[in-house]
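Participant: Provided below are the primary sequence and the corresponding predicted coordinates.
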Amino acid sequence: MGGHGGGDPRAHRLVGGDPEKLKKFFKEHFDDKKPPPAHDDLMDVPIPRYRPEIDGFRHFMGTPTPDQSLKINGRGPHDNREITEQTRRMMSRLADRLVDFTPFEWPEHAADDAGKFNPPADITENPNLPSGYTYFLQIVAHDVVQTSLAVSILDDSRSGVRNARTSFLRLETIYGDGPMVCPHAYALDDKPDSYEGGTRTMLRLGRTREADRSVKCPFRDIARAGTENVTEVDVGAALTEPMIADARNDDHAILAQMTALFHLLNNGILKKLLPQREQKVMAGSLWEASFDRYLCARHAVTLIYRNVIRKDLMRRILHRKIYDRYAGDTPVFLDEEDGRAKSNWNMPLEFSHAAFRFAHAMIRGDYRINDKNVFLLDQVLRQTSGKAPRDMPLSVEWMVRWSHFFEIGDAAPNLSRRIGPRLSQKLVGFNDIDRTHSTRLAYRDLMSGIFVDLWSVDALLEKIEAERPELVALSPYLKADKAGHDARAAMIAECLGPPSSDSEHLTADDIAALSNDPPLFLFILCEAACDPEALGLRLGVLGSIIVAETIFGALDLDKLPAEIDSPNLKTSLFELSKSIYGGDKNYLEDIPEIETMADLIKFTAKVSDLEAGQPAFL
């Protein structure tokens, strides 16, 4: 669907070259007093640009005017067909540069950071972010954004793009809309024909491939199923369908295991901590008691998840001074309304289509999955029901040992890559989406931001500086004046490296244009790499502001009832127990103050009887 960028500049092809139809087309779309252009001039025709609000999204700190949006060589990427095509080609060349064939010159790690791992962290690795956080970030991304159509493919926002998420950071990506709306993600509690039977509270899990023979802890994969063939495609016994609330969580083997982790946590709480359904505490029927158990477990897991986001994930990825400003009890938001996050809260496009995609730079080229197996990224990406249904369910060799992904015990986890303007060479091979035939993930990231009219970096910084000058003062690259612009331009040029004389690669003119007005995604990667207080270990100031405003804004605005006025997780869990079961008995008292992903995993192992099982879980 390439070419939607400026209205529909494909008029000649759409009307088949018929002069009368061409006149009618231009009469409908342009001033009918002007003659239609000649067929050969269509590439230069300015097409009316429709800029409606995208349902479920908004711009950060208000919608930029056309003058405040990104420009390519001084022109809007939708000004006409020729500019759109020039933009595509430049972004394709930029995506080529953003792989690590030309290594970025990272500074050396501090000796204590690199040396605490065995082997020590190399120059491209991030001791601050074990690789499991890459995929926890993906869970969070799926929990706040579920777009119906990809802007990078559609070119614009007029073709039904919307954010289907109606609430944020409530684990909808794991639970969906619950067992009545999303029954395929839930297991039956008892026989459907039993009295008031057919209730569902447990999230489904699936057996590993070898489960019936040798595995002591067989239910470690997400549930998968085959379907009856109605398309004349022979799939046989292949397991083509992931039985989970959000099918994107089967994008690759590690993410499927992360999803199974949350399923195990939910089910462990149901089995170990809550009253059995038959007790009917504060319930008048077995069905109501089942619903109470489901609701309590779901909210307990969500409270744990939110606590880990606040106290672990955000602390690791944000610039330290930005984290300190937003992690307290009363953060002051730029996107504010009476000092709080805006009540008409929708997902900021600058977050979803630029800033939060920084995690793609963290992806490694290979992963040690467990004690025995190391797999290349392309192997990890292939192990899904969609791409390899005949290899499903996952076999034991794919069972994640979480100490290889988070800091658990004395094990040395895989580390993520440093955050910066070099992505793994393995992030290629995605379906091409237009005539550039680029298959790089970086190209999709860049084009997603291009086609939703994001703020230009200069204009956004000018707006932030007008409201919070103390934030801009935290970085040498953020001043809104000419000196700040020149510092940003020099940083971007240095990050992109030397130009090429070959027009198929990034040229001097490309680098000049990109340095003068960088796409927000590019700037955030370069800022993270070069900010003296980040150096690829966390986001720089601007990237941190956008992420903190979005994540802490969602947490602030949409608190669960048990979170209100609760100083810690334990208090929130007690409030949750009382709200559902009444009285002073705390049915969640055995849940500790879980603050990190390592805490979450160790507790899950305890309540799921996986501390000593095989294959190893911890």
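Facilitator: Received the coordinates, thanks.
Participant: ok, Phe168 touching Leu560?
Facilitator: No: Phe168 is not in contact with Leu560 according to CB atoms under 8 Å; the separation is 11.8 Å. Placement of C-beta: from N, CA and C, glycine included.
Participant: of the two, who's got more company?
Facilitator: Phe168 (21 against 18; other CB atoms under 10 Å).
Participant: and the more buried one, its phi and psi?
Facilitator: When read as degrees, to the nearest 10, the backbone of Phe168 gives phi -130, psi 140.
Participant: also the one 4 residues further on?
Facilitator: Per-residue torsions, Glu172: phi -60, psi -30 (degrees, to the nearest 10).
Participant: hang on, it packs against Asp143?
Facilitator: Yes: assessed by CB under 8 Å, Glu172 is found in contact with Asp143 at 6.2 Å.
Participant: which residues do these two both contact?
Facilitator: Arg165 (CB atoms under 8 Å, 6 or more residues apart in numbering).
Participant: who's in contact with Ala283?
Facilitator: Ala283 touches 289, 291-292, counting by CB under 8 Å, 6+ apart.
Participant: which of those residues tops the neighbour count?
Facilitator: Ala289 (23 neighbours).
Participant: and the helix ranked longest in the chain, how far from the chain's centre?
Facilitator: Determined from DSSP state H, the single longest helix within the chain is helix 286-308. In terms of CA atoms, centre = their mean, to the nearest Å, the centre of helix 286-308 is found 24 Å from the chain centre.
Participant: other SSEs contacting the helix or strand just after that helix?
Facilitator: Per DSSP states H and E, the first helix or strand lying C-terminal to helix 286-308 is helix 314-317. Secondary-structure packing of helix 314-317 (3 or more CB pairs under 8 Å, 6 or more residues apart in numbering; DSSP states H and E): strand 125-130, helix 132-144, helix 320-326, helix 541-557.
Participant: specify the angle between the shortest one and helix 132-144 in degrees.
Facilitator: Meaning strand 125-130. 50 degrees (axes from the mean of the first three to the mean of the last three CA atoms, to 10 degrees).
Participant: state the mean pLDDT of strand 125-130.
Facilitator: Mean pLDDT, computed over strand 125-130, is 96.
Participant: next up, the contacts around Leu618.
Facilitator: By CB under 8 Å, 6+ apart, the neighbours of Leu618 are 401-403, 408-409, 601-602, 605, 610-611.
Participant: domains in this protein, as residue ranges please.
Facilitator: 51-151+345-364+414-551, 169-344+365-413+559-605 (automatic domain parsing).
Participant: hey, which of the ones you listed is tucked in deepest?
Facilitator: domain 51-151+345-364+414-551 (a mean of 20; mean count of other CB atoms under 10 Å).
Participant: what sits against Pro103?
Facilitator: 124, 422.
Participant: sec struct for Ala605, please.
Facilitator: helix (DSSP: H, G, I helix; E, B strand; the rest coil).
Participant: what is the burial count for the closest residue to it other than its chain neighbours?
Facilitator: Counting by CB to CB, 6 or more residues apart in numbering, Ala605 lies nearest to Glu611, which is 4.7 Å off, once chain neighbours are set aside. If you count neighbours by other CB under 10 Å, Glu611 ends up with 13.
Participant: list the contacts for Glu611?
Facilitator: 605, 617-618.
Participant: which pLDDT value goes with it?
Facilitator: Taking Glu611 on its own, its pLDDT is 93.
Participant: so how far is Gln257 from it?
Facilitator: 17 Å (CB to CB, to the nearest Å).
Participant: next one: Asp246
Facilitator: For Asp246, the distance to Gln257 - CB to CB - is 15 Å.
Participant: now Asn568
Facilitator: Relative to Gln257, and taking CB to CB, Asn568 is found at 29 Å.
Participant: any regions of the stretch 101-250 of the chain where pLDDT drops low?
Facilitator: 148-161, 191-197, 211-216, 229-234 (pLDDT under 70).
Participant: if we use 90, what do you get?
Facilitator: Low-confidence segments of the stretch 101-250 of the chain (pLDDT under 90): 101-105, 107, 110-121, 145-168, 178, 180-181, 188-199, 208-219, 226-238, 240.
Participant: in it, which spans are helices?
Facilitator: 111-115, 132-144, 151-154, 172-175 (DSSP state H, counting those that start in this stretch).
Participant: could you dump those helices to a markdown table with distance to Ser352?
Facilitator: Below are those laid out as a markdown table (distance: least, CB to CB, whole Å):
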| stretch | distance to Ser352 |
| --- | --- |
| helix 111-115 | 31 |
| helix 132-144 | 7 |
| helix 151-154 | 10 |
| helix 172-175 | 14 |
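Participant: which of these sits closest to Ser438?
Facilitator: helix 151-154 (10.4 Å; CB to CB).
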